[in-house]
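> show me how the following folds:
(chains A and B, ligands or ions: 1)
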Amino acid sequence: MQPLERIRVHLSVNGHAVSQLVDARRTLADFLRSDLGLPGTHIGCEQGVCGACTVLLDGVSVRSCLIFAAQLEGSAVETVEGLAGDALHPLQEAFHRNHALQCGYCSPGFLMAARDLLEENPSPSEAEIRVALSGQICRCTGYENIVQAVREAAGALQSEGRDA
Amino acid sequence: MKPASFRYVAASDVHEAVTLLSAHGDAAKLLAGGQSLVPMMNLRLSRPEILIDLNRISGADGITVEDGALRVGMLARQRAAERADVVRTRLPLLGEAISRIGHTQIRSRGTLVGSCCHADPSAEIPCVLLALDGFVRAQGPDGMRDIPAADFFLGYFQTALSPKEVATDLFFPLPAAGTGWAFLEFARRHGDFAIVAVSALLRLSASGEIERAALSLSGVGPAPLRARRAEALLLEKRPDGALFAQAAREASQEIEPADDVQASAGYRRQLAQTLVGRALQEALARAAKEVA
Ligand SMILES: Cc1cc2nc3c(=O)[nH]c(=O)nc-3n(C[C@H](O)[C@H](O)[C@H](O)COP(=O)(O)OP(=O)(O)OC[C@H]3O[C@@H](n4cnc5c(N)ncnc54)[C@H](O)[C@@H]3O)c2cc1C
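The predicted model follows:
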């Protein structure tokens, strides 16, 4: 095997098949934003700390600034753009209703982290929500409304009987 | 920032990873979960010319019990280990330690082996491996070897691995039934690196004396270390508050913490003393419960 500067990858992003030639150094976050035109995934610190770039990779939440697109052959990525169908996702609705965002920069990351949590644990306690969101930084809201929104969304998803 | 340019290659098995490492020498770096290496590349603190991705190696993510030890393959993610039944039932000490690493999203990708190879002096997993007298299995051009934890962590981000070796597994010997355990750490915020972390194991004999004591600490020097003098002081004595206080004081004296932006050396010493005292109490509570 030869080390390469550019690599062709085939993956699925929000259910759509993608085939692209990428620079080895291209992070998943930049790949989504610049190559695929999906700017919903935000970039904050580029060192894994702030959580703004959180997406789902094969169903689990990860930092897209710490993975290279070249690594993603055969993977399935889901971004905030994939959340809503015809209507907003219950998490998005709950964020809207509870004023769980102000500037909105961190929201895509919070939504994807919350989605991972609710997939694994459909009725989390408040403490579990706080732990699950501890890797996401918000400088506006003070977090209370975000926690409240995730609780509400968990309830809504459960009464609808659907998965996160 | 963005990483400097590099060339990428995915190894399909351990042998290929070793061959690539040998061929490219210092220019190459192995990539596991990327949760320590990629931040360093993004900050340009690390600029490998070639990145050898281990993530395509199949069958390397096992978490199994083998010869009385928990064997953790190099691609086992911290998140998977935290949730694994064998870890919950046979080695809850490890699960507790993992739950203190960063956040869920970091543990989704980060590996246990990668954490040991990275060898951050405050890291949780090296602390547990050392307390259990575990070892690291490594594969190099000249074959395989097992490196005891006590010889593996050499200093700040330094291990006994040669630049041509790939660590393939960690082995955590399972403590005998009835052994009490505790993992405690203090960090300023949830998910931050520990300022001090402590792993403790205690087993009592039928007559109630301490017959095994293991104490390891992270965050108190360039590498995790065993508080051997404190351990020796505990052995063959009946556990009580005064003995634990004495052991905690001893542990705080045998470490060599440094001042840094997180905490002063004096504060770390005091923290170590407090945490060791509490960890011994917790381990005793669990040990006693299992014997009764
Ligand atoms: C926001 C954030 C918070 C964090 N908090 C903590 C924390 O509280 N505690 C903690 O312990 N860690 C923490 N980490 C680091 C995390 O645990 C990493 O996962 C871990 O340190 C490295 O494992 P990795 O699999 O990600 O390795 P990588 O980042 O891929 O590699 C790390 C180093 O090990 C080498 N390496 C990896 N695998 C092998 C192998 N099989 N053989 C030989 N060399 C190898 C690499 O070449 C590299 O030099 C945090 C990380 C982030 C981004």
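
> surely residue A:44 and residue A:53 touch.
Yes. Residue A:44 lies in contact with residue A:53 (C-beta atoms under 8 Å); the separation is 7.0 Å. From N, CA and C alone the C-beta is placed, and that goes for glycine too.

> give me the packing partners of the longest helix along chain A, helices and strands only.
For chain A, the helix with the greatest residue count under DSSP state H is helix A:144-160. Helices and strands touching helix A:144-160, by 3 or more C-beta pairs under 8 Å, 6 or more residues apart in numbering or on different chains; DSSP states H and E, are helix A:90-97, helix A:107-120, helix A:126-132.

> tell me who's in contact with residue A:26.
Residues near residue A:26 by C-beta atoms under 8 Å, 6 or more residues apart in numbering or on different chains: A:35, A:68, A:69, A:70.

> just put these in CSV and tack on pLDDT, distance to the ligand and neighbour count.
Compiled in CSV, the contacts of residue A:26 are given as follows (pLDDT from 0 to 100; distance: C-beta to the nearest ligand atom, whole Å; neighbours: other C-beta atoms under 10 Å in any protein chain shown):
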residue, pLDDT, distance to the ligand, neighbour count
A:35, 98, 23, 15
A:68, 98, 11, 26
A:69, 98, 16, 28
A:70, 98, 14, 27
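
> now the helices and strands packed on helix A:144-160 as TSV including distance to the ligand?
Formatted as TSV, the helices and strands packed on helix A:144-160 follow (distance: least, C-beta to the nearest ligand atom, whole Å):
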stretch	distance to the ligand
helix A:90-97	23
helix A:107-120	13
helix A:126-132	14
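
> of the ones you listed, which is nearest residue A:19?
Across these, residue A:19 has its closest neighbour in helix A:107-120 (23.8 Å, C-beta to C-beta).

> how near is the residue nearest to residue A:112 when sequence neighbours are not counted to residue A:136?
Once flanking residues are discounted, residue A:112 sits nearest to residue A:54: 4.6 Å by C-beta to C-beta, 6 or more residues apart in numbering or on different chains. Separation of residue A:54 from residue A:136 (C-beta to C-beta, to the nearest Å): 7 Å.

> let me have the contacts of residue A:26 in a markdown table, adding distance to chain B and secondary structure as columns.
Output for the contacts of residue A:26, formatted as a markdown table (distance: C-beta to the nearest C-beta, whole Å; DSSP: H, G, I helix; E, B strand; the rest coil):
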| residue | distance to chain B | secondary structure |
| --- | --- | --- |
| A:35 | 14 | helix |
| A:68 | 7 | strand |
| A:69 | 10 | helix |
| A:70 | 5 | helix |
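
> re the thing from before, out of the helices and strands packed on helix A:144-160, which is the most enclosed?
Burial of the helices and strands packed on helix A:144-160 is given as mean neighbour count (mean count of other C-beta atoms under 10 Å in any protein chain shown); helix A:107-120 ranks first at a mean of 24.

> right, and residue B:113 touches residue B:73 too?
Yes. With contact defined as C-beta under 8 Å, residue B:113 counts as touching residue B:73 (7.5 Å).

> next one: phi and psi at residue B:183?
When read as degrees, to the nearest 10, the backbone of residue B:183 gives phi -130, psi 120.

> so how far is chain A from it?
According to C-beta to the nearest C-beta, to the nearest Å, residue B:183 stands 16 Å off from chain A.

> and that residue, what are its bridge partners?
residue B:199 (DSSP bridges).

> the residue of chain A at minimum distance from the ligand - how many residues pack around it?
In chain A, the residue that lies nearest the ligand is residue A:48 (2.9 Å; C-beta to the nearest ligand atom). By other C-beta atoms under 10 Å in any protein chain shown, the residues close to residue A:48 number 25.

> how about residue B:109?
Residue B:109 is flanked by 24 other residues according to other C-beta under 10 Å.

> returning to that earlier point: can you lay out the contacts of residue A:26 as CSV showing distance to residue B:21?
As requested, the contacts of residue A:26 are exported to CSV (distance: C-beta to C-beta, whole Å):
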residue, distance to residue B:21
A:35, 30
A:68, 19
A:69, 23
A:70, 19
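
> what are the boundaries of the strands in chain B?
Taking DSSP state E, the strands of chain B run over residues B:7-10, B:28-31, B:50-53, B:63-66, B:69-73, B:135-140, B:143-148, B:153-155, B:158-159, B:166-173, B:180-186, B:196-204, B:210-218, B:225-226.

> how much space between the nearest residue to residue A:42 once chain neighbours are set aside and residue B:182?
Using C-beta to C-beta, 6+ apart and skipping residues adjacent in sequence, the residue nearest residue A:42 is residue A:52, 4.1 Å away. According to C-beta to C-beta, residue A:52 stands 35 Å off from residue B:182.

> where does residue B:264 fall, phi/psi-wise?
phi -80, psi 160.

> what's near enough to touch it?
By C-beta under 8 Å, 6+ apart, residue B:264 has no neighbours at all.

> which pLDDT value belongs to it?
On pLDDT, residue B:264 comes in at 94.

> also residue B:288?
On pLDDT, residue B:288 comes in at 74.

> equivalent analysis for residue B:291, please.
50.

> sorry, back to before: in the longest helix of chain A, which residues are buried?
Of the residues in helix A:144-160, A:145, A:146, A:147, A:148, A:149, A:150, A:151, A:152, A:153, A:154, A:156, A:157 count as buried by neighbour count, 16 or more other C-beta atoms under 10 Å in any protein chain shown.

> format the residues you listed as CSV; extra columns: pLDDT and distance to the ligand.
Converted to CSV, those look like this (pLDDT from 0 to 100; distance: C-beta to the nearest ligand atom, whole Å):
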residue, pLDDT, distance to the ligand
A:145, 97, 24
A:146, 98, 19
A:147, 98, 21
A:148, 98, 25
A:149, 98, 24
A:150, 98, 21
A:151, 97, 25
A:152, 97, 28
A:153, 97, 25
A:154, 96, 25
A:156, 91, 30
A:157, 90, 28
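
> coming back round to it: quick one, which of residue B:113 and residue B:73 is more surrounded?
Applying other C-beta under 10 Å to residue B:113 and residue B:73 shows that residue B:113 carries more neighbours, namely 26 against 19.

> residues contacting the more buried one?
B:32, B:72, B:73, B:74, B:75, B:76, B:136, B:167, B:168, B:169, B:170.

> tally up the residues packed near the fourth one, please.
Pointing back at residue B:74 there. The burial count for residue B:74: 30, using other C-beta under 10 Å.

> repeat that for the second one.
Neighbouring residues of residue B:72 were enumerated by other C-beta under 10 Å; the total is 30.
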